[in-house]
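Enquirer: Predicted model and sequence follow; I will ask about them next.
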Amino acid sequence: MGKPGVLLALMTTAVLTSGCYYYPVPAPCPMIAQASVVSVTVAREYVPQVASLRLKACQDGTCKAAAVELFPGTASIDQGCTPDRVCSATASPDGTMTGMLMLESLTEAPMALTASGISPGGSALPVRTLNFRPRGAYPYGEQCGRFVTASVILDAKGLRQAA
């Protein structure tokens, strides 16, 4: 084989070898937009005392207050997995009530949250205030961006940040 043949063989090998190089492909991200909300869960034991609820959230010098529509809360019930690893769950009412206060934006800066409401008998519920920091996390991996959440629980003792 002459010089042109050797050169052709080397070029072909280089092209074929470079085509086999492994290029990592990042995991796909879910097409989910993050809502800027404060979510509240009224504890099961406190639900009978709450007829209506109002939240006021202040963060970065901006406040938003509104009545919160409450919906029955649920817990996920594991229904197991099939032998080929297809797993499922179902939602079951858990006795809580949940609601959300929509915000213009939500950051990890400190937030002051105030909850007030009315009992089924028409009397005012105790006003509860909580100062906390919303939490940021990467639930779908760092390549998918940071999600900030502000979740609280309201019970007879007051407000506390959800775990």
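Expert: Ah, there it is. Residues are numbered from 1 along each chain as shown.
Enquirer: residues contacting the residue nearest to Asp78 when sequence neighbours are not counted?
Expert: With Cβ to Cβ, 6 or more residues apart in numbering as the criterion, Asp78 has its nearest non-adjacent residue at 5.4 Å, and that residue is Ala89. C-beta here means a position set from N, CA and C on the backbone, and glycine is covered the same way. With contacts defined as Cβ atoms under 8 Å, 6 or more residues apart in numbering, Ala89 is in contact with 76-79.
Enquirer: Doesn't Ala89 belong to a strand?
Expert: Yes - assessed with DSSP: H, G, I helix; E, B strand; the rest coil, Ala89 lies in a strand.
Enquirer: And the pLDDT for it?
Expert: Ala89 carries a pLDDT score of 92 in this model.
Enquirer: for Gln59, phi and psi?
Expert: phi -150, psi 140 (degrees, to the nearest 10).
Enquirer: thought it was touching Glu108?
Expert: No - at 9.6 Å, Gln59 does not count as touching Glu108 under the criterion of Cβ atoms under 8 Å.
Enquirer: More neighbours: which of the two?
Expert: Gln59 (23 against 14; other Cβ atoms under 10 Å).
Enquirer: who does the more buried one bridge with?
Expert: When assigned by DSSP bridges, Gln59 has beta-bridge partners Thr62, Met111.
Enquirer: Next, the distance between the ends of stretch 64-73.
Expert: Between the opening and closing residues of stretch 64-73 lies a distance of 24 Å (Cα to Cα, to the nearest Å).
Enquirer: repeat for stretch 110-126
Expert: 23 Å.
Enquirer: want to try JSON lines for the contacts of Ala89, with neighbour count, secondary structure and distance to Lys157 as columns?
Expert: What follows is the contacts of Ala89, written out as JSON lines (neighbours: other Cβ atoms under 10 Å; DSSP: H, G, I helix; E, B strand; the rest coil; distance: Cβ to Cβ, whole Å):
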{"residue": "Ser76", "neighbour count": "10", "secondary structure": "strand", "distance to Lys157": "26"}
{"residue": "Ile77", "neighbour count": "11", "secondary structure": "strand", "distance to Lys157": "28"}
{"residue": "Asp78", "neighbour count": "9", "secondary structure": "strand", "distance to Lys157": "30"}
{"residue": "Gln79", "neighbour count": "9", "secondary structure": "strand", "distance to Lys157": "34"}
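Enquirer: between those, which is closest to Ser123?
Expert: Nearest to Ser123 among those is Ser76, at 35.1 Å by Cβ to Cβ.
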